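Peer 1: predicted model and sequence follow; I will ask about them next.
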Amino acid sequence: MRTVYLIQSIPYPNQRYVGFTRNLRKRLKKHNKGGSPHTSKYKPWGLVTYISFSSESSATAFEAYLKSGSGRAFARKRLW
């Protein structure tokens, strides 16, 4: 399975991140250990929601949508 996930910084709730992974637990641990330059300064992170896809192309397309202007609006209204 391929997973698109949304995480939110616990100490800085306005900091949010959308990502894609094949192993959600491992990826969240990496974010919380500072293994990602973009998210390291806002750790720890909590999982808000995730959506799994059977196809990688569907997952990457949805991740790209969530990072677009209309996708961010959708996420704020429906997912956060």
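Peer 2: Structure's in. What do you need?
Peer 1: show me what the helix or strand of the chain with the lowest mean pLDDT is packed up against.
Peer 2: Using mean pLDDT, DSSP states H and E, helix 69-78 stands out as the lowest-scoring helix or strand of the chain, at a mean of 94. Applying 3 or more CB pairs under 8 Å, 6 or more residues apart in numbering; DSSP states H and E, one finds that helix 69-78 contacts helix 56-66. Backbone N, C-alpha and C define where each C-beta goes, glycine included.
Peer 1: got the contact list for the helix it packs on?
Peer 2: 2-4, 6, 18-20, 51-53, 71-72, 74-75 (CB atoms under 8 Å, 6 or more residues apart in numbering).
Peer 1: go through the least confident helix or strand of the chain and flag the buried ones.
Peer 2: 71, 75 (16 or more other CB atoms under 10 Å).
Peer 1: kindly export that helix (C-alpha atoms) in CSV.
Peer 2: Extracted C-alpha coordinates of helix 69-78, given in CSV (Å, rounded to 0.1, in the frame of the first residue of the first chain):
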residue,chain,number,x,y,z
GLY,A,69,-4.0,25.7,-3.6
SER,A,70,-7.4,24.0,-3.9
GLY,A,71,-6.0,20.8,-2.2
ARG,A,72,-4.9,22.9,0.8
ALA,A,73,-8.3,24.4,1.0
PHE,A,74,-9.9,21.0,0.8
ALA,A,75,-7.6,19.7,3.5
ARG,A,76,-8.3,22.6,5.8
LYS,A,77,-12.0,22.1,5.5
ARG,A,78,-12.2,18.3,5.5
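Peer 1: hang on, the earlier thing: buried subset of the contacts of helix 56-66 as a ChimeraX selection?
Peer 2: Remark: buried members of the contacts of helix 56-66, expressed as a ChimeraX selection using 16+ other CB under 10 Å:
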select :2,3,4,6,18,19,20,53,71,75
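Peer 1: among the contacts of helix 56-66, name the ones in strands.
Peer 2: In strands, judged by DSSP state E, the following of these are found: 2-4, 6, 18-20, 51-53.
Peer 1: just to revisit the earlier point, in TSV: the contacts of helix 56-66, plus distance to residue 43.
Peer 2: Formatted as TSV, the contacts of helix 56-66 follow (distance: CB to CB, whole Å):
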residue	distance to residue 43
2	24
3	20
4	20
6	16
18	16
19	14
20	19
51	23
52	24
53	26
71	24
72	22
74	26
75	21
